Structure formats: C-alpha cells, structure tokens
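Chemist: mind looking at a prediction? Sequence and model below.
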Amino acid sequence: MKTLRLILGDQLNLQHSWFQQKDDSIYYLMAEVRQETDYVKHHIQKVTAFFLAMRNFAEKLQQNGHQVRYYKISDIENLHDFEKVIQREIARLNITHFEYQLPDEFRLDEQLKSIVENIGIPSKAVDTEHFYTDRTELDRFFQGKKQLLMESFYRMMRKKHQVLMVGDQPLGDQWNFDHDNRKKYKGEVPVPKAKAFSKTVADVVAEIQNAGVITFGNINPDDFVWPTSRSECLEQLQYFCQELLPHFGTYEDAMHTTEPDLFHSRLSFALNSKMISPKEVIDTVVQHYYQNQERITLAQVEGFVRQILGWREYVRGIYWKEMPHYAQMNALENHEPLPDMYWTGKTKMNCMHQALRQSLNDAYAHHIQRLMVIGNFSLLTQRHPDAVDAWYLGVYIDAIEWVELPNTRGMSQYADGGILATKPYVSSGSYLQKMSNYCDSCHYKVKDKFGDNACPFNSLYWNFLDDKKAHFQNNQRMAMMLSLLQKMKPEELFLHKQRAAQIIENPDAF
C-alpha cells in the first residue's frame, strides 16, 4: 500500500500527528501552483513568504526522513493545478490511498471533495490539528440564540480551555479589559524595534516574476524580514513576550506615523500558515505573564488572548457557518469600484496615505488601520464588498479567506447585514484624531465640518448615515446617531451630501 498525502501552503504544522513517525510507504506532496497565486492578485511579499515557508517546511520533513515531492513555481513539470498534480503523482508512484488535511478555505474544500471523487482510490480527510475549535463548534454553540455575540463565545472558550481563569471565574474578576485597550500613543514609552529576520530572497522573487505571476506591492529582495520557519516564528513569539507584551493592550488600538507596528506581535502570518499554533502562543504568553506580573498587567495579556482565543476562532466559526452565500452578501447595496489610491497610496488624506503606504510597503497593517482607516473609508464611500475583499485578501501577508472574509465583508463593510457585527464600524474624523497622530500633519482639518479643507471623513460619515438610514432604522446601537442626523439642519446635511458625492465620485482627487 502506498499513500499520497497533500500538504497545502497554509498547513505547515510540523507538530501534526502525520509527521511523528517515518513511513517509507507514505509520500508527501507540496506544490507552488498558479491556481493559488492567480485566484486573486497578491502582494509580492505574501507570495514570497508562503513559498519560503513551504520550502523550509519541505526541507525539514526531508531532514526528518519523510519522502517529499515538491514542485516549485519554476519547475517545468509543474502542472499548476492541484487535481492535475495529484493525478500525475498517483500514476507515477502507483499510489493506492490519498489523504489530505481539511482545508480552511471553502473553494479548496470543494475542490478536494471533487478530486477524491475523480481519482478512483480510497481517500481520507483529517483535521489540521491547529485550531482550538472544529469547523462547526461555533454553530453548535449558538444554536437557538438570536445573536452571534463574540463575547459569549469568548467566555465559553476561556472556561472550556481554562485560560486566565480561577475555577469558573475570570482572573481579576473581569472578563474583558477592552476599555483599557484604547489609549492613544504619545511617546510615553519607547517602542522596541520590530523583530526582523533579514534574508536575501532575490532568487525566489525572480522565480515568481519569471513564472509570470502578477503581483503588486513592494519588496526589498535583499532584506526580507518575515519569519518563514518554525524556529523563526518561535523567536518572534519570545520577542513579543519579552519586549512588546508589557504595553500591548494599552496601545492595541493606537496608530502613529513613526511607529507603524507599535506593540503588535506580527505573529499573524506565523499563525495563519500554521507554523505555530494558537495554543502554544497563548500558553507561552500567559505563562510569561504569570512569571512577570510585576511588569505586565492583566489588561495587556487579556487583550491579546481575546484576539487569538476569542476573535480568531470566532471568525473561523462564522466563516464555516455562513459559507458559501456569505461571500456574495452585499446588504448595504454598495457598488463603487476601488480607487487608484489603494494600489498607489497616493492621497492627501494622511490617515489613508499612512495605512495604504504601510500595507503596500510591508504587506501588513494592524487591525485598527485595516478596520477604522481603510475599511472605514471603503464603507463610507460605498465601495463594492467584492472589490474590498479582493484587495484585503491580496495585500496582507496573513490574509487567508477564512479569516479575511468575515473581518472584511462582515465586520469592516457590514455587507452581511449584521451577522457578525451589531453595527457598522464607521466614524468621522474625530475617532481618527482620538486614536492617532495622523491628523496632526494632514492636508485637511479634522475639526472643520465644511469647506475644501474639512476632513473628508466628516461629510462622508453623515452622508453614509443618511444614505443607509433605512437599513439601520431598527438597530438600537445606531439610534443615537440617527437621532442626531434627524436633528441636523437641512442646509448642513445638504452641504455634507454635496461634498460626499464629490469624494465618492473622484476619491483620488482628495
């Protein structure tokens, strides 16, 4: 009996039970295929990082005595389609059994189901052994409940996995320290330099370009900084604990022109490629907190745990509960295309310039830059969620559809009509001023309501509320803002809507 096992590019889990024993009758298949590079246009750093991580993973398997068949993007024999590659390896090696780990993207799940129907040999799908939850746990938890509130799911997860708990009660007698995680950064404490794994990737970049893969964004091929092996990911985790965790929660939502990463861990690519697991990340962080309570407060570590144990598992559950129709939802009926600035970073709005430029240069921006700057502007200017999804999925190094889609179409764009978020995440310029120093050096004046120098977010905000008020008439969380809208003088609303229409029609001019 010979078994072929497929490993996808985001299944780089060396701790998986598959790899605990060597077996000469088992062959592992990995492939850098155009099917995956081309279904959306990706950032060059994202493609490079995945290829490097995959190659490092395959090399480690081979060093551990496993048999690996690996197709690079540049290999002449590469058929660039999973079904074709699998079919050929089955014939070439006289394979009698096929196995794969359950994909985390719906389209790949459907494709592999189709493949196993066509190959004519016994097959088996196994768990990736990565997440705390299985695909359907969230759905089961919310059975019979009207709202899919993340907070209740998060508390269940804390209890079930005994994270920051004393018996059945939260450590510190408080479940959530979100109110302590909203401080603007004003240089109160120095920000440690971001952990970087400087390496030369010119050969990989050349392979990608020579293969004809169309990418966007920027890369320094002589100084690639992202972790692309398990050992580097563990270094990144330790660096976060030692240097960044003491102030992570406090400045979790802050944005700053000269400190783009602040105290964020930059572990998302390591996690989403499965080089490290959420459990080992949380266990390491919590243990470090317990050993260093004199310099780390509970609010810092709870804010981080909430992102991983709560939000990350929550959005995955939403994804599998609501797919495939979730990917087509457009509840607010937005249809505008993306403006050029999303590809160039060129705009007079400093908040957008900073967030877009960072995304294009680094293939990364933290969650508030994604949600309350780029996402906020996208929603206020009523961009089509398909276009927003494709951009987010392509630009960020950590973006895989199971995590990107609920965050973008759901939380950011409210295109799911409130399945995930109880209200749209929109704001005027006042929030951006509150949480960043972007407004200090902006072409526009955040406190001006009207005129050519007024912050575009101000008019866009009131125009959005007016345009979409029918969608929110029964939403209690929007009642106060709609009441303020109703009290606004008609001539003021007219001016807001007039300027908003100009911005929506020609956003690159602003």
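Modeler: Arrived safely, thanks for sending. Residues are numbered from 1 along each chain as shown.
Chemist: output the below-cut-off pLDDT ranges for the protein.
Modeler: Within the chain, no stretch falls below the threshold (pLDDT under 70).
Chemist: wait, residue 265 touches residue 248, no?
Modeler: Yes. With contact defined as Cβ atoms under 8 Å, residue 265 and residue 248 form a contacting pair (7.3 Å). Glycine gets a C-beta too; all of them are placed from N, C-alpha and C.
Chemist: common neighbours of the two, please.
Modeler: Any residue near both residue 265 and residue 248 by Cβ atoms under 8 Å, 6 or more residues apart in numbering counts here, and that gives 240, 304.
Chemist: from residue 63, how far off is residue 280?
Modeler: Relative to residue 63, residue 280 is positioned 21 Å away (Cβ to Cβ, to the nearest Å).
Chemist: which one of those two is surrounded by more residues?
Modeler: For the pair residue 280 and residue 63, the greater number of neighbours falls to residue 280 (14 against 8), based on other Cβ atoms under 10 Å.
Chemist: would you map the strands across the chain?
Modeler: 3-6, 26-31, 42-43, 67-71, 97-101, 123-126, 165-166, 169-170, 215-216 (DSSP state E).
Chemist: so for residue 483, which of these sits nearest?
Modeler: Ranking the strands of the chain by their distance to residue 483 (criterion: Cβ to Cβ) puts strand 169-170 first, at 35.1 Å.
Chemist: distance check, residue 374 against residue 280.
Modeler: With Cβ to Cβ as the criterion, residue 374 and residue 280 are 31 Å apart.
Chemist: and the closest residue to residue 454 other than its chain neighbours, how far is that from residue 129?
Modeler: In space, and not counting its chain neighbours, residue 454 is closest to residue 448: 3.8 Å by Cβ to Cβ, 6 or more residues apart in numbering. The gap separating residue 448 from residue 129 is 55 Å, by Cβ to Cβ.
Chemist: swap in residue 422?
Modeler: Using Cβ to Cβ, one obtains 33 Å as the distance from residue 422 to residue 129.
Chemist: before we move on, what about residue 68?
Modeler: For residue 68, the distance to residue 129 under the criterion Cβ to Cβ works out to 19 Å.
Chemist: please apply the same query to residue 51.
Modeler: Looking at residue 51 against residue 129, where the rule is Cβ to Cβ, the gap reads 23 Å.
Chemist: so which of the two has more stuff around it?
Modeler: Comparing residue 51 with residue 129 by other Cβ under 10 Å, the one with more neighbours is residue 51, at 21 against 14.
Chemist: buried set for stretch 159-166?
Modeler: For stretch 159-166, burial by neighbour count (16 or more other Cβ atoms under 10 Å) applies to 161, 163, 164.
Chemist: quick one, phi psi at the second one?
Modeler: For residue 163, the backbone dihedrals are phi -110, psi 120 (criterion: degrees, to the nearest 10).
Chemist: doesn't residue 286 make contact with it?
Modeler: Yes. The criterion here is Cβ under 8 Å, and residue 163 meets it with residue 286 at 6.4 Å.
Chemist: including distance to residue 428, could the buried residues of stretch 159-166 go into CSV?
Modeler: Converted to CSV, those look like this (distance: Cβ to Cβ, whole Å):
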residue, distance to residue 428
161, 39
163, 37
164, 35
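Chemist: CA atoms only for stretch 297-308, dumped as CSV, please.
Modeler: Listed in CSV are the C-alpha atoms of stretch 297-308, where the atom choice follows Å, rounded to 0.1, in the frame of the first residue of the first chain:
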residue,chain,number,x,y,z
THR,A,297,-0.7,43.9,33.9
LEU,A,298,-3.6,41.6,33.2
ALA,A,299,-5.1,44.1,30.7
GLN,A,300,-2.2,43.6,28.4
VAL,A,301,-2.4,39.8,28.2
GLU,A,302,-6.2,39.6,28.2
GLY,A,303,-6.3,41.9,25.2
PHE,A,304,-4.0,39.6,23.3
VAL,A,305,-5.8,36.4,24.4
ARG,A,306,-9.1,37.9,23.3
GLN,A,307,-7.7,38.3,19.8
ILE,A,308,-6.5,34.7,19.5
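Chemist: okay then, goodbye and thanks.
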